[in-house]
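Enquirer: Next comes the sequence, and after it the predicted model I'd like to discuss.
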Amino acid sequence: MPPEFLEVEYAGSLATVLPAVARSLGVAADPAAALGIEPLFTLPPARSAVLVLVDGLGSEQLRRRSGHAPFLRSLQSPAPALTCGFPATTATSMGSLGTGLPPGAHGIVGWQSLMPEHDRLLNHLSWDEGPDPERYQPHHTVFEQLAANGVAVTRIGPSYFDGSGLTRAAQRGGVFSGARELSARVDAAVAALTASPRAFVYLYWGEVDKTGHSFGPDSWQWGEEVERTDAALSDLAARLPPGTSLTVTADHGMVSAPESARRDLAWEEDLAHGIRHLGGDPRAPQPYCEPGAAPDVLAAWTELLGETALVVSRQEAIDHGWFGAVEDRVSERIGDLVVAMRSNATVLDSRDHRPELLVLQGHHGSLTREEMAIPLLHLPAVT
């Protein structure tokens, strides 16, 4: 693997975070153990716990901009920076977090992936006209396992997450509490923790990611949003009931990816030739090819993208372990080709995207440290 890319190691990945929190609460939830994945860290025991996922808060961005986050900077790190897994994108990471499994097992293998039985792409975030979520991702979630063991589970996020396809597939279990502002989500978390003697709260916050997409992860706007997030999490920590731990992590990092570094199938016939659908993410595209065209498309993309990308076949990506152990039902969801972009380059098809997506300044998905490395920060329970 090229030296600028990180190795994909699921023992040190986001998939191990929620199982570790469950174990700290006395619940044995190790869904990846059957795949030979042993976690690299443990968390101290607690009566109750809060897990906060800050969307887009990559560890490299946080390290460079740590002056904006004095509270997060004060927390312990039970392990070196984790990786989110591949591709480094929200939908896939939500599957890994919720199930404790790598993408090849939970089956959410990118922002958009093929539904082979329907010959069309599924956008995992919107889930428009998508399949039954519980059948698409049949594994029990760690949320469900916690609830089955007597832990009062509350998931907090925007109201439109409640009952969405991705939520049902990747993060079902317990009850959902909708709140718009981060301060309201903090209030909801404290209320849930005080309502039960043994509770687990999952709190999602997406504004850091939105700001990074809109203005870039090196922008002053990104720093200001991190400051607001840090202050709210400091308030949450100050209000935790005795015996409650706090863990903070993220689903991916981000790179600035300007339009000048974009390759667009709508304008490049040679790049589009032989491709039936372009799935994946702009930083980790997954072409699905016309029958028999995959070898030619692999050769063409390798030549046309040159040093800006690593282009491999589906089988090579599986053999490299990019998706972890891949179940039979999942393999055809992965592109005929899998591409990891270098530097700040992207590949997309503007004919298939809404205009607001084409002006984004920040992107993620590839194997670089900027995109894959995520923080694991912990405040132990105090009795």
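Expert: Perfect, I can see it now. Numbering: from 1, shown residues only.
Enquirer: Without its sequence neighbours, what residue ends up closest to Glu307?
Expert: Counting by C-beta to C-beta, 6 or more residues apart in numbering, Glu307 lies nearest to Arg342, which is 6.7 Å off, once chain neighbours are set aside. Every C-beta, even on glycine, is put in place using the N, C-alpha and C of the backbone.
Enquirer: no, scratch that, I was asking about Leu35
Expert: Here the residue nearest Leu35, using C-beta to C-beta, 6+ apart, is Ala325, at 4.9 Å.
Enquirer: Also Arg180?
Expert: The shortest distance from Arg180 to any non-neighbouring residue, by C-beta to C-beta, 6+ apart, is to Pro158 (6.4 Å).
Enquirer: Contacts only, for the one you found.
Expert: The contact partners of Pro158, taken as C-beta atoms under 8 Å, 6 or more residues apart in numbering, are Gly178, Ala179, Arg180, Tyr204, Gly206.
Enquirer: Just confirm the second one contacts Ala188, I think it does.
Expert: Yes: counting by C-beta atoms under 8 Å, Ala179 touches Ala188, with 5.1 Å between them.
Enquirer: overlap in contacts of those two?
Expert: Ile156.
Enquirer: Just give me the residue closest to the centre of the protein.
Expert: For the chain, the residue nearest the mean C-alpha position is Ser93 (2.5 Å; C-alpha atoms, centre = their mean).
Enquirer: State which helix of this structure is the longest.
Expert: helix 220-238 (DSSP state H).
Enquirer: Can you name the next helix or strand after it?
Expert: Going down the chain from helix 220-238, the next helix or strand is strand 244-249, by DSSP states H and E.
Enquirer: Could you chop the chain up by domain?
Expert: 10-256+368-379, 259-361 (automatic domain parsing).
Enquirer: What's the mean pLDDT across the last one?
Expert: Just to be clear, that refers to domain 259-361. In this model, domain 259-361 has a mean pLDDT of 96.
Enquirer: Show me the helices in the stretch 151-300 of the chain, by range?
Expert: Here the stretch 151-300 of the chain has its helices, by DSSP state H, counting those that start in this stretch, at 165-170, 182-195, 207-215, 220-238, 269-272, 294-305.
Enquirer: tell me the mean pLDDT for the second one?
Expert: By that I understand helix 182-195. On average, helix 182-195 scores 98.
Enquirer: can you check the fourth one too?
Expert: Here the mean pLDDT over helix 220-238 is 98, rounded to a whole number.
Enquirer: What residues sit buried inside it?
Expert: Trp222, Gly223, Glu225, Val226, Arg228, Thr229, Asp230, Ala232, Leu233, Ser234, Leu236, Ala237 (16 or more other C-beta atoms under 10 Å).
Enquirer: tell me which of those is nearest to Gly306?
Expert: Distance to Gly306 across those (C-beta to C-beta) is lowest for Trp222, with 30.4 Å.
Enquirer: Would you confirm that the closest one contacts Lys210?
Expert: No: counting by C-beta under 8 Å, Trp222 sits too far from Lys210 to count as a contact (10.0 Å).
Enquirer: quick one: Glu224 from Thr249, how far?
Expert: Separation of Glu224 from Thr249 (C-beta to C-beta, to the nearest Å): 22 Å.
Enquirer: ok, and the closest non-adjacent residue to Gln137?
Expert: Nearest one to Gln137, counting by C-beta to C-beta, 6+ apart, is Ala169 at 4.0 Å.
Enquirer: Correct me if wrong: that neighbour contacts Thr99.
Expert: No: the pair Ala169 / Thr99 is not scored as a contact, 9.1 Å apart, by C-beta under 8 Å.
Enquirer: what residues are shared contacts of these two?
Expert: Residues touching both Ala169 and Thr99 (C-beta under 8 Å, 6+ apart): Gln137.
Enquirer: ok, back up a step: which SSE is the residue nearest to Leu35 in?
Expert: Here Ala325 sits in a region with no helix or strand, counting by DSSP H and E.
Enquirer: Contact partners for it?
Expert: Contact analysis of Ala325 by C-beta under 8 Å, 6+ apart lists Leu35, Pro102, Gly104, Ala105.
Enquirer: and the residue nearest to the second one when sequence neighbours are not counted, how far is that from Leu35?
Expert: Pointing back at Pro102 there. Residue nearest to Pro102 in three dimensions, not counting chain neighbours: Gly324, with 2.5 Å by C-beta to C-beta, 6+ apart. Using C-beta to C-beta, Gly324 is found at 7 Å from Leu35.
Enquirer: of these two, who's got more company?
Expert: Using other C-beta atoms under 10 Å as the criterion, Gly324 and Leu35 rank with Gly324 on top: 24 against 16.
Enquirer: isn't the residue nearest to Pro102 right next to His106, touching?
Expert: No: using C-beta under 8 Å as the test, Gly324 is too far from His106 to be in contact (9.2 Å).
Enquirer: Quick one: neighbours of Glu117, just the number.
Expert: Glu117: 8 neighbours (other C-beta under 10 Å).
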